[in-house]
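My questions concern the predicted model and sequence given below.
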Amino acid sequence: MPVHVAGPRLYKSIKFQHLAKGGASSKKNMNIHLNLTPFVDMMTILVTFLLMVFSATGQILQAQKGLELPKADSKDVLQTAPVIVITNHEITYQGQLIATVDSVLHDDSPTLRIDALYERLQEAANHIADDVRIGKLSQNAKKSCDDMKNGLRPPPGAELCPLGLAIVQGDQTTDARLINKIVKTAKDAGFDNLLFAIKNK
């Protein structure tokens, strides 16, 4: 195939006979030039946007608006687990509103249990137990579960067993009474291994 000088050749290489004339009575040729640069730019931006939105390499935890995590020197990264978030105004589980802080603090129930949160945690505990039973875990998580059954503590930095594991994101000004109710509710639902999220310095 011969090499030609760069330039538009759409009409020369592809004979659009029906576009060759402006009409039945016109003899003027109409060359067609398609500028694809804006289309390519738009598709590139779209692909980049989708990659950023659906990227799996982002942070495991993202602080919600109105939540200021306490700081610590630890560089460890929290693993995936059910997340309970306590802001100044509301309590959420996996991003969904459970209750307002005021309603929980003014609840004088002797059980110290947040019923809506308890139901969601109990449902999550059943799903996690099913995953452990059918072996839907990584090798490190399986080893941690076996060590836990034998009464052994996992080494520092090892992946923890998901049984009874949950993450609590609490604002640094959170009332201690509220933390107490969250911990009591989680333990009643079977989550007795709570990790408190912090912000690295």
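In hand now; what should we look at?

any residues touching the helix of greatest length in the chain, and which ones?
Looking across the chain with DSSP state H, the single longest helix is helix 115-133. Helix 115-133 is contacted by residues 82, 84, 91, 93-94, 98-99, 137, 145, 161-164, 166, 182, 185-186, 188-191 when judged by C-beta atoms under 8 Å, 6 or more residues apart in numbering. C-beta here means a position set from N, CA and C on the backbone, and glycine is covered the same way.

at 10 Å what do you get?
With C-beta atoms under 10 Å, 6 or more residues apart in numbering as the test, helix 115-133 has contacts from 81-82, 84, 91-94, 96-99, 104, 107, 109, 111, 114, 136-137, 141-142, 145, 161-166, 181-182, 184-191.

Would you map the strands across the chain?
Taking DSSP state E as the criterion, the chain carries its strands at 71-72, 83-86, 90-93, 96-100, 165-170, 193-196, 199-200.

Could you look over those and pick the most buried one?
Comparing the strands of the chain on average neighbours per residue, with mean count of other C-beta atoms under 10 Å, the densest one is strand 83-86 at a mean of 24.

the domain parsing of this structure - what is it?
If the domains of the chain are taken from automatic domain parsing, they occupy 10-53, 71-200, with pieces of a single domain joined by a plus sign.

just to revisit the earlier point, just the buried subset of the contacts of helix 115-133, written out for ChimeraX, thanks.
Buried members of the contacts of helix 115-133, identified by 16 or more other C-beta atoms under 10 Å, are gathered into one ChimeraX selection as follows:
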select :81,82,84,91,92,93,98,99,104,114,137,141,145,161,162,163,164,165,166,181,182,185,186,188,189,190,191
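
Can you list which of the contacts of helix 115-133 are found in helices?
With helices identified by DSSP H, the entries of the contacts of helix 115-133 that belong to them are 104, 141-142, 145, 181-182, 184-188.
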